[in-house]
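Q: fold the following for me, if possible:
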Amino acid sequence: MSTKNIISVIVAALIAIVVYSSIYIVDETEQAVVTQFGRPVGDAVTTPGLNFKVPFIQKVNFFEKRFLEWDGDPNQIPTRDKKYIFVDSFARWQITDPLRFFIRLTNERNAMSRIADILDGETRDHIANHNLEEAVRSTNREPVEVGEIGEMIGDSLARIDVGRDQIQRDIRQSANEQTRDLGIVILDFKIKRINYVPDVREQVYDRMKSERHRIAEEFRSEGHGEASVIHGERERELQTIRSEAYREAEEIRGRADATAANIYAAAYNRSRSSRELYQFIKSMETLEKTFDKETKMILSTDSDLYQYLKGMQ
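A: The predicted structure is shown next:
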């Protein structure tokens, strides 16, 4: 290869390198800021497409155009009613002014640190200005009442004037007032978990157990009372049934005795032999019910029973 050809190749390569270094492409998910010797040059590029810069001198800094996530660490915060809790929160944010963002924060790592300082401080201030119930609940739900116990449970629910949703909105609004000159905006802020500190948590669990045991005992007492009423009703109905059955049995027995007496009387009045037979049968029944093998008895010779026994000989 001749010297001329070599020079041509080198020149073409240098031109290619210069052209490659002078263009940059902005994706639809990105936005860019061009800097020269560390200082921003011109406006930020927020529309996707092919762009040009001075090669080797200017540098392109790319930033996310999409929503970004911030996940905070749990912080111990006292509420207005002096209850210490751990608050774990998260947020969604976006870079709205890349040029201002680059000047104030430079990169996303610094932005995350600044957002953490702002949101943690606002969370602490707003939680400390409200009672625990306000940070936990958002509405005044109506309890399901079951007799006297249900009314007692309903009375134990504190009234909510602000609520968790409003506190979260207030924190987001206060944070955006501080991030306005940083080129970012907090799109959403949520408290994902609230929990007591370990020492207080055990006390709360014990108090919850005691409350549930008390409610259970009241339910048991109410159940025992209802059971006693049911048992009393059952015994009363059973006694009524027994009394009615006994009355009917005695009426049947009385009618049977009357019928038997009429039969005996008819047989007794029919003839002498029948009367003697009747007297004999009744005497034998009396003898059977009166004597056993161990019984000894002295009878007079004038006794009817003696006459029957003598006649049997």
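Q: which residues touch the closest residue in space to Gly49 that isn't next to it in sequence?
A: Leaving out its chain neighbours, the residue that sits closest to Gly49 by Cβ to Cβ, 6 or more residues apart in numbering is Val26, at 6.2 Å. C-betas here are computed from N, CA, C, even on glycine. Each residue near Val26 by Cβ atoms under 8 Å, 6 or more residues apart in numbering is listed here: 32, 45, 47-49, 51, 62.
Q: next: Ile171.
A: So Ile171 contacts 119, 122-123, 126, 189 (Cβ under 8 Å, 6+ apart).
Q: give me that answer again for 10 Å
A: 89, 91, 118-119, 121-127, 186, 189-191 (Cβ atoms under 10 Å, 6 or more residues apart in numbering).
Q: what of Lys53?
A: 21-24, 32, 34-36, 41-42, 45, 59-60.
Q: pLDDT, distance to Gly72 and neighbour count added to these, as CSV?
A: Below are those laid out as CSV (pLDDT from 0 to 100; distance: Cβ to Cβ, whole Å; neighbours: other Cβ atoms under 10 Å):
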residue, pLDDT, distance to Gly72, neighbour count
Ser21, 76, 41, 14
Ser22, 81, 42, 15
Ile23, 86, 40, 12
Tyr24, 87, 35, 17
Ala32, 94, 29, 20
Val34, 92, 33, 22
Thr35, 91, 31, 16
Gln36, 91, 37, 13
Val41, 90, 35, 14
Gly42, 86, 36, 12
Val45, 91, 32, 20
Lys59, 89, 32, 15
Val60, 91, 31, 16
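Q: so which of these sit within strands?
A: 23-24, 32, 34-36, 59-60 (DSSP state E).
Q: next one: the nearest residue to Ile191 once chain neighbours are set aside from Ala135, what distance?
A: With Cβ to Cβ, 6+ apart as the criterion, Ile191 has its nearest non-adjacent residue at 4.9 Å, and that residue is Ser89. Distance from Ser89 to Ala135, counting by Cβ to Cβ, to the nearest Å: 11 Å.
Q: any common contacting residues for the two?
A: Here Ser89 and Ala135 share the contacting residues 123, 127, 168, 191, 194, scored by Cβ under 10 Å, 6+ apart.
Q: now the two most distant members of the residues you listed.
A: Spatial extent of the shared contacts of Ser89 and Ala135 (Cβ to Cβ) is set by the pair Gln168 and Ile194 at 11.7 Å.
Q: quick check: neighbours shared by the two?
A: In contact with both Gln168 and Ile194: 89, 135, using Cβ under 10 Å, 6+ apart.
Q: quick one: which of Ser89 and Ala135 has more around it?
A: The neighbour comparison of Ser89 against Ala135 (other Cβ atoms under 10 Å) goes to Ala135, with 25 against 22.
Q: enumerate every residue touching that one.
A: 77, 79-80, 83, 85, 87, 123, 126-128, 162-164, 167-168, 191, 194.
Q: one more time with 7 Å, if that's ok
A: Ala135 makes contact with 79, 127, 164, 167, 194, according to Cβ atoms under 7 Å, 6 or more residues apart in numbering.
Q: what helix or strand is it on?
A: helix 132-136 (DSSP states H and E).
Q: how does the protein divide into domains?
A: 3-64, 68-196, 212-270, 272-313 (automatic domain parsing).
Q: before we move on, the earlier item: which one of the contacts of Lys53 is nearest to Arg255?
A: Distances from Arg255 to the contacts of Lys53, taken by Cβ to Cβ, are shortest for Ala32, at 116.0 Å.
Q: residues contacting the closest one?
A: Counting by Cβ under 7 Å, 6+ apart, Ala32 has contacts 26, 44-45, 60-62.
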